[in-house]
Structure formats: C-alpha cells, structure tokens
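Novice: no sequence for this one, just the structure:
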Ligand code: 26Q
C-alpha cells in the first residue's frame with residue numbers, strides 16, 4: 001500500500017460520483033466522510049484479504065461488547081496516512097477535524113468493552129491473529145443528558161453518519177434457531193488495522209434479520225399482523241445494547257442476544273474450516289476462543305451441540321471444547337456473575353440446555369463434592385462455573401484481582417484445578433491513548449527518545465534521565481490541553497473552568513463501589529471549610545466528573561443528582577468560586593475521554609479496595625502524565641509498583657482492612673467522630689441542596705440505615721481520603737509534583753495492551 005495524495009483524492013472523488021452523485025467540490029461533510037473512509041479501506045484491501053486467507057491458528061475474541069469509539073482518526077493513524085490525509089484535505093480547503101461530529105461506535109458499556117477494543121488494536125499492531133466476534137447493536141449505549149440535574153437517556157443512533165468502516169457480508173449469513181423463532185445472522189466486518197505494519201484483522205459484528213424477506217403474500221391474505229410481528233421479533237434481538245455495567249439483568253432478550261452471537265460465530269467458523277477441508281478434530285489446531293466474561297459462555301454448550309451434530313460423541317466434543325475455550329473474569333461482584341433460570345433456558349434452547357446438563361453430569365461423574373462443584377443448582381445455571389469447568393485457562397485482569405479469585409470467589413475450583421488460573425494484567429493501546437489523544441506530548445517524547453515507544457511502550461522508561469529538561473514543555477502542553485478541554489466544556493456544558501485551576505477528574509461508569517459519592521462529600525467538606533474559614537488558601541480546583549448510570553440503577557442516578565446539585569451550589573457562590581468549580585459532563589464516552597485524559601492533573605481511582613477488578617482509566621491517565629489519587633485496588637497496586645507509591649497519592653483501607661472493618665462496622669460512630677463529615681453528609685437532607693425527588697434522602701439512608709449501611713465504606717475512608725487529597729492539592733504547582741507526573745508517564749510501559757495480548761498469546765492462546 002502506498003499513499004499518493006493525487007490518486008487518493010481522485011479515488012475519493014470517484015466514490016463521491018458513484019455513490020452520492022456529487023464531487024469533491026460540492027460534497028457534504030457526511031458524504032466526504034464516507035467516501036474518504038471507503039478510499040482508505042480500499043488501500044488496505046490486499047492486506048486484509050491476505051490475513052483472511054492465511055493458514056495460521058487464530059483466536060476468536062467473543063464479546064457482547066466492543067466499545068470502539070470513533071474509527072476514522074485511529075484507522076488513518078494506523079494506516080500511516082493521518083497527516084497525509086489531513087494535508088490532502090487542506091489542499092482542497094477542507095478540515096479533517098470536522099469529522100469530530102461523527103458519532104462514536106458505543107457498542108459497549110465501559111471497561112470490559114473498551115478493553116476488547118484495545119486488544120483488537122494491539123493484537124493487529126503486534127501481528128497476532130486475533131479476530132473479534134460481537135453484536136452489531138442498532139442502538140449503542142444511550143446518549144445521556146441532564147435535566148434539572150437528573151439523568152435522561154435517549155437512543156444512540158450511532159449509524160447516523162453511515163458506517164463506512166464496515167462491510168456487509170451476505171454470503172456468510174447463517175440461520176440461528178430458538179425454540180420459538182429462526183433468525184438470520186448477517187455479519188458486518190470491520191477491518192482492524194495494525195499500527196503501520198500491514199496487518200489487518202477483523203471485527204465481525206452480527207446483525208439479526210428475518211430469515212424470509214417480508215412476506216407480502218401472507219400480508220395480503222390478512223395474516224399481515226403476524227408477519228409483521230415475526231419481522232419485528234427478528235430484528236429486535238440486536239436492537240439495543242443492555243446498559244448495565246457490573247450488574248445482572250436476567251432478561252430473556254439478553255439470553256437471546258448472547259446465543260445469537262455465539263451460535264452465528266461458531267457456525268461460521270466451523271463452516272469455513274469445512275470448506276478449507278480441515279478435519280473437525282483439528283479444531284484446536286486452528287482455533288481458540290476467549291470468552292470475555294460470562295456473557296458469551298453459552299458458546300460452550302453450543303459448540304458441544306454443533307460438534308455432536310457433526311457426528312462426534314459428547315466426550316469427543318468435550319475434549320475439543322476443553323482445548324479451545326478460555327475465560328476472562330472481570331468482576332468479583334456476585335450480582336454481576338451471570339446466572340440463568342434453568343427452566344427458562346431449557347424452554348428457549350432445549351438442545352443447548354441438554355449440553356449444559358451433560359456437563360453437570362460429567363463433573364459429578366468425576367466424584368467431586370457436589371456442594372462445591374456444580375453448574376446447575378436449585379434450578380439456576382451458573383455460567384461462571386460452566387466456563388471454569390470447561391475452559392483451559394481462566395484469568396483475572398490484575399494481580400490483586402486474580403489473587404482474590406483464587407483465594408475467595410473461585411477458591412474451590414482453584415484447589416481442584418490450580419494450573420487453570422492465571423493473571424493477565426489489563427492494558428490500553430498507546431496509539432489511541434497517547435499518540436492520538438495527546439499528539440503534542442507524543443511529539444515531545446519522540447524528540448527526546450525517538451519513536452520506538454509507539455510499539456514498545458517499555459521504552460518510555462528512557463525518558464527518566466530527560467525528566468528535568470522535559471518539565472517546561474510538559475507543563476506547557478498540559479496547559480494547552482487544559483485550555484482546549486475548558487473551551488469544550490464551556491461550549492457543551494455551559495460551565496466555566498479557568499485553565500489555571502487544578503483539574504481533578506473522576507470519569508468512569510457510575511457505581512456505588514467506585515465511590516463517586518466519596519469524592520462528592522469531600523467537595524462539600526472543602527466548600528464548608530472555605531466558607532467558614534477553617535480551610536485557608538485552598539488551591540483553586542475544578543472537580544470534573546463524567547459517568548453514565550444504568551437507567552434502572554436508582555442509587556447511581558441519585559449520586560448524579562447529588563453532584564449536579566453540588567455543582568449548582570458551588571459554581572454560583574461568589575465567595576468560593578475563586579477556589580472551587582464542579583462540573584459533571586454529559587454523555588461521557590470514548591471521544592470525551594480522549595479530551596479529558598490528556599488534560600487531567602489528578603486521576604481519581606477511589607473504589608473500595610477489593611472491588612475494582614483492574615480499572616483501565618487509571619492506566620490512561622498515568623500514560624498521559626497524571627498522578628493517581630487512589631486506593632490499593634485493581635491495577636492501582638501495580639501502578640504504584642511501577643511508578644513508586646511515593647509518586648502517587650494512596651489512601652484508605654486495604655483489602656485486608658476492609659474485611660476486618662466490616663465485621664464490626666458502625667457508620668454512625670464514624671460520622672460523629674470525623675471532623676467535618678457530619679456536616680457534609682447532613683447536606684443530603686438539611687435543605688442545603690434542592691431535591692423534591694427523595695433521591696438525596698435515599699442516599700443518606702444508604703449510608704446510615706438498612707441491612708448493610710455504608711456498604712462501600714465511604715464514611716470509613718473519608719478522613720484519610722480528605723487528608724491525602726488536600727496534601728496532593730497543596731503539592732500541585734511544585735517542581736516535585738511535575739516530576740511525579742513524568743515519572744508516572746515514564747513508568748507506564750507495563751500497561752500497554754501490546755504486552756497484555758502478547759501474554760495472552762504466549763500463555764493462553766498459543767498463537768504466533
Ligand atoms: C451482565 C448481565 C446482564 C446485563 C449486563 C451484564 C454486564 C454488562 C457489563 C455485566 C458486566 C459488565 C461490565 C463489566 C466491566 O466493565 N468490568 C470492568 O472490566 C474492566 C476490564 O477488565 C476492568 O478494568 C474493571 O475493573 C471492571 O469493572
């Protein structure tokens with residue numbers, strides 16, 4: 001592939017003429033976006049085709065979520081034509097930045113979905129044969145707005161700008177059968193470009209359609225209603241992404257989605273092998289499958305079923321499945337480990353259910369204790385147990401998380417199969433999360449240590465001797481990024497934040513365990529202190545939040561309301577305005593994250609210890625030179641190992657302390673004995689903040705009453721949090737502080753997703 005400006009523009013022009021009856025001079029933004037993307041796709045066709053037809057063993061990454069974000073810039077970057085395209089457009093009076101209006105592909109909720117996207121990019125960039133298999137949701141994660149401080153959800157029409165980075169492959173469509181319906185699964189393939197290496201892998205997203213085109217005959221014979229209904233049901237399966245993060249919904253439509261995804265993918269893979277003349281017993285020679293949490297675990301009984309349809313015995317099929325499947329766990333929370341009602345599943349998918357029963361019987365034949373090892377119990381199917389039983393490897397996503405899995409969550413299984421359990425610490429792609437989102441900083445690094453770090457992030461450590469000379473440019477670039485973010489926030493949220501303020505950021509899904517509430521209470525504490533004079537010379541700080549709450553998650557929505565009311569209080573108070581600002585940005589997504597991550601001074605990673613499996617936002621901030629204010633949870637632990645605890649701000653109960661404290665915990669006692677805490681908490685109910693909904697009252701009660709008051713130790717950790725946070729804010733501005741930022745950046749090498757996927761390839765997938 002070679003880029004030639006003239007040829008490229010004439011190719012774009014040709015596509016505009018053929019597909020849109022227009023030309024370069026008169027095309028709309030949307031037309032230009034589509035034609036330009038297609039022209040770039042054409043450049044990579046040969047590479048893509050070669051990858052599809054080689055004979056390597058490949059890994060299929062099965063995931064209900066791929067949070068891809070915007071493709072155009074990262075694809076052009078990886079194809080090595082970002083600057084060239086920018087220049088070509090400029091020569092005809094257009095601006096590549098105009099495509100910032102293009103919607104994100106938000107086909108995921110949060111960490112788990114974004115991780116899948118990073119791994120696809122990193123695998124292609126590391127020339128590893130990894131393909132994604134997922135669902136082409138018609139509507140992605142809802143679009144969020146605030147009205148009177150409350151979250152509102154709207155449908156996410158992500159295809160509004162078209163979908164030029166996908167190719168519909170009708171010849172590969174397959175039928176997926178449920179007991180009550182048959183639907184057609186049609187694949188849309190997205191190329192995944194390696195970073196300037198000519199490798200193109202595939203993300204295959206399945207869309208559901210009626211098997212038969214709309215039946216006008218039946219419609220005319222007055223069966224119209226039923227026919228329309230059938231069509232409606234078929235498309236409905238892939239209509240919308242479930243907006244839950246770390247909680248179960250147990251809805252049958254979700255089970256349909258999961259089965260649809262894995263059945264289509266496995267049928268497709270088996271059919272292609274057959275067409276290539278491969279023996280079915282060679283399946284593990286050519287394939288392995290990574291199950292991204294429990295969501296696609298129904299792939300296991302589906303493969304067993306398909307193999308037996310091909311004439312294999314159950315034991316033969318089991319042997320192959322046990323060599324192909326691996327399982328990643330992303331959470332220890334019981335409410336997120338998927339379970340299905342056995343009756344419901346057996347009604348929807350009787351043949352698949354039989355295979356689950358076969359697995360259950362097989363493990364009982366092994367003579368193990370049925371109280372410790374079960375897949376079905378009390379008419380509930382435990383998908384995590386099924387995954388562990390059949391998978392070759394099971395992995396957690398950070399050291400501390402894997403240790404908890406082994407010692408606690410899956411203790412029994414680990415004793416039975418000690419070699420199955422491995423850790424693969426998460427990672428992020430440095431292309432999107434430094435080169436692309438922070439180009440000035442990337443250039444600065446290039447000028448000091450060259451460009452090898454683009455594909456070998458450990459090389460960043462050679463920045464260490466340059467930290468002194470880098471200080472001033474680091475500060476200048478951070479300041480510019482902050483100005484840009486402040487402008488964007490002013491325009492989109494209507495809140496002014498002066499760029500000389502400290503930008504203290506907490507962006508992630510809204511969940512009680514992540515403790516946005518702790519952050520909020522600390523702001524009220526500072527507010528009260530500044531007002532009554534007990535806190536002097538407070539360093540001017542803007543607290544920036546971004547988070548979506550699952551639409552049915554009452555407490556999470558209450559926290560959003562709370563923070564929005566704090567923002568109203570603080571931002572309109574002339575006395576504290578010189579010291580404090582609060583903003584909760586609307587519709588936080590991948591593209592917003594790109595703007596925020598490069599502009600943050602403080603990265604808040606404050607989950608109750610033991611709850612956050614890994615976190616990956618923490619890594620993005622670190623890579624961009626931001627210190628972590630956090631607990632010893634998830635990958636924060638490893639961030640401290642890499643960058644030094646003294647270069648971050650760590651507070652709060654550790655995992656061991658949490659389990660001790662919980663034995664005799666009395667939040668009221670803490671409330672009474674912690675300076676400033678009571679006043680901050682009382683703000684929820686004393687009329688300081690406006691709320692007619694009763695939400696703030698409920699938040700108050702969650703901290704102090706009920707079966708397990710203050711389940712996530714917000715009050716317990718408050719004093720230490722505020723102490724360390726104030727220390728951090730007062731350190732800000734010193735040279736020592738800037739050095740900490742740069743040491744973090746220089747120490748981020750471990751957290752490259754390139755390292756993660758290579759670990760998977762070597763220890764789990766056995767692919768080259
Ligand atoms: C389950 C059943 C029904 C409906 C929805 C769900 C569901 C959906 C999404 C359950 C969990 C999720 C997402 C979990 C997730 O994102 N976990 C995060 O994974 C990251 C990548 O490993 C970690 O860094 C985070 O710590 C973890 O919270």
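Specialist: Noted; the coordinates are in hand. All figures in this text were calculated on a predicted structure; none of them were measured in a lab.

Novice: Near the ligand, which residues of the stretch 251-400 of the chain? Just list them.
Specialist: 254, 330, 331, 336, 338, 397 (Cβ under 6 Å from any ligand atom). Where you see a C-beta, it was placed from the backbone N, CA and C, and this is true even at glycine.

Novice: need the contact list for the residue lying closest to the first one once chain neighbours are set aside.
Specialist: Just to be clear, that refers to residue 254. Spatial nearest neighbour of residue 254, excluding adjacent residues (Cβ to Cβ, 6 or more residues apart in numbering): residue 242 at 5.5 Å. Residues near residue 242 by Cβ atoms under 8 Å, 6 or more residues apart in numbering: 249, 251, 254, 257.

Novice: Among the residues of the stretch 251-400 of the chain next to the ligand, which has the minimum pLDDT value?
Specialist: The lowest pLDDT within those belongs to residue 336, with 84.

Novice: Skip the chain neighbours and tell me the closest residue to it.
Specialist: That would be residue 246: by Cβ to Cβ, 6+ apart, it lies 4.6 Å from residue 336.

Novice: State the number of residues packed around residue 358.
Specialist: Neighbourhood size, residue 358 [other Cβ atoms under 10 Å]: 18.

Novice: Could you report the distance from it to residue 389?
Specialist: Residue 358 is 11 Å from residue 389, where distance means Cβ to Cβ, to the nearest Å.

Novice: Assign a three-state SS to residue 583, would you?
Specialist: Assigned with DSSP: H, G, I helix; E, B strand; the rest coil, residue 583 falls in the strand class.

Novice: Hmm, residue 567 and it touching each other?
Specialist: Yes. With contact defined as Cβ atoms under 8 Å, residue 583 counts as touching residue 567 (6.1 Å).

Novice: what's the overlap in contacts for these two?
Specialist: Counting by Cβ under 8 Å, 6+ apart, the contacts common to residue 583 and residue 567 are residue 495.

Novice: So which bits of the stretch 501-650 of the chain are right by the ligand?
Specialist: Proximity of the stretch 501-650 of the chain to the ligand, by Cβ under 6 Å from any ligand atom, involves residues 612, 613, 614, 615, 616, 634.

Novice: hmm, 5 Å instead?
Specialist: 612, 613, 614, 615, 616 (Cβ under 5 Å from any ligand atom).

Novice: Would you list the buried entries among those residues?
Specialist: 612, 613, 614, 615, 616 (16 or more other Cβ atoms under 10 Å).

Novice: The residues you listed into CSV, with extra columns for secondary structure and pLDDT?
Specialist: Shown next, in CSV, are those (DSSP: H, G, I helix; E, B strand; the rest coil; pLDDT from 0 to 100):
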residue, secondary structure, pLDDT
612, coil, 98
613, coil, 98
614, coil, 98
615, coil, 98
616, coil, 98
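
Novice: now the residues you listed as a markdown table including distance to residue 493?
Specialist: Output for these, formatted as a markdown table (distance: Cβ to Cβ, whole Å):
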| residue | distance to residue 493 |
| --- | --- |
| 612 | 27 |
| 613 | 30 |
| 614 | 29 |
| 615 | 25 |
| 616 | 25 |
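
Novice: And whatever residue of the chain ends up closest to the ligand, what's its pLDDT?
Specialist: At 2.9 Å from the ligand, residue 111 is the closest residue in the chain, using Cβ to the nearest ligand atom. Looking at residue 111, its pLDDT stands at 98.

Novice: Same check on residue 166?
Specialist: 98.

Novice: from what I can see it touches residue 187, true?
Specialist: No. With contact defined as Cβ under 8 Å, residue 166 does not count as touching residue 187 (9.4 Å).

Novice: overlap in contacts of the two?
Specialist: Looking at what touches both residue 166 and residue 187 (by Cβ under 8 Å, 6+ apart), the common residues are residue 205.

Novice: Max pairwise distance over the contacts of residue 242: which two?
Specialist: Using Cβ to Cβ, the contacts of residue 242 span at most 11.0 Å, a distance reached by 249 and 257.

Novice: And the closest residue to residue 283 other than its chain neighbours, which helix or strand is it part of?
Specialist: Spatially, and ignoring its direct neighbours in sequence, residue 283 is nearest to residue 320 (5.1 Å; Cβ to Cβ, 6+ apart). Using DSSP states H and E, residue 320 maps to helix 314-324.

Novice: And for that helix, what's in contact with it?
Specialist: For helix 314-324, contacts defined as Cβ under 8 Å, 6+ apart pick out 280-281, 283-284, 287-289, 300, 303-304, 307-308, 312, 355, 358-359, 362, 390-392.

Novice: Just the element for the residue nearest to residue 254, please.
Specialist: Under DSSP H and E, no helix or strand contains residue 242.

Novice: counting contacts, what elements does the helix or strand where residue 637 lies pack onto?
Specialist: According to DSSP H and E, residue 637 maps onto helix 636-643. Here helix 636-643 touches helix 399-404, helix 617-623, strand 627-630, helix 735-746, going by 3 or more Cβ pairs under 8 Å, 6 or more residues apart in numbering; DSSP states H and E.

Novice: Compute the mean per-residue pLDDT across the second one, please.
Specialist: With pLDDT averaged residue by residue, helix 617-623 scores 99.

Novice: what does that helix contact?
Specialist: Residues from elsewhere that reach helix 617-623 (Cβ under 8 Å, 6+ apart): 111, 426-428, 430, 433-434, 457, 505, 507-508, 593, 597, 600, 603, 605, 628, 630, 634-636, 639, 643, 744-745, 747-748, 751.

Novice: hmm, try it at 7 Å
Specialist: Contact with helix 617-623 is made by 427-428, 430, 433-434, 507-508, 597, 600, 603, 605, 628, 630, 635-636, 639, 643, 744-745, 748, 751, as judged by Cβ atoms under 7 Å, 6 or more residues apart in numbering.

Novice: same deal with the first one?
Specialist: Helix 399-404 is contacted from outside by 332, 395-396, 421, 423, 425, 610, 613-614, 633-634, 637-638, 655, using Cβ under 7 Å, 6+ apart.

Novice: now whatever helix or strand comes next after that helix, how far from the chain's geometric center?
Specialist: As assigned by DSSP H and E, the chain's next helix or strand after helix 399-404 is helix 411-416. Mean C-alpha position of helix 411-416 versus that of the full chain (Cα atoms, centre = their mean, to the nearest Å) differs by 29 Å.

Novice: where does this structure dip in pLDDT?
Specialist: Within the chain, the set of residues satisfying pLDDT under 70 comprises 1, 214-216, 218-232, 247-248, 250.

Novice: run the last query once more with 90
Specialist: 1-3, 212-235, 244-251, 332-337, 690 (pLDDT under 90).

Novice: how near is residue 662 to residue 406?
Specialist: Shown here: residue 662 relative to residue 406, a distance of 21 Å by Cβ to Cβ.

Novice: Please apply the same query to residue 8.
Specialist: To residue 406, residue 8 is 53 Å away according to Cβ to Cβ.

Novice: Residue 662 and residue 406 - which one has more neighbours?
Specialist: More crowded of residue 662 and residue 406, by other Cβ under 10 Å: residue 406, with 19 against 13.

Novice: surely the more buried one meets residue 420?
Specialist: No. Shown here, residue 406 and residue 420 do not form a contact pair, counting by Cβ atoms under 7 Å, at 10.0 Å.

Novice: hey, where'd the strands end up in the stretch 201-350 of the chain?
Specialist: Using DSSP state E, counting those that start in this stretch, the strands of the stretch 201-350 of the chain run over residues 287-292, 325-328, 339-341.

Novice: is it possible to export these to JSON lines including mean neighbour count?
Specialist: Listed next are these as JSON lines, based on neighbours: other Cβ atoms under 10 Å:
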{"stretch": "strand 287-292", "mean neighbour count": "25"}
{"stretch": "strand 325-328", "mean neighbour count": "25"}
{"stretch": "strand 339-341", "mean neighbour count": "19"}
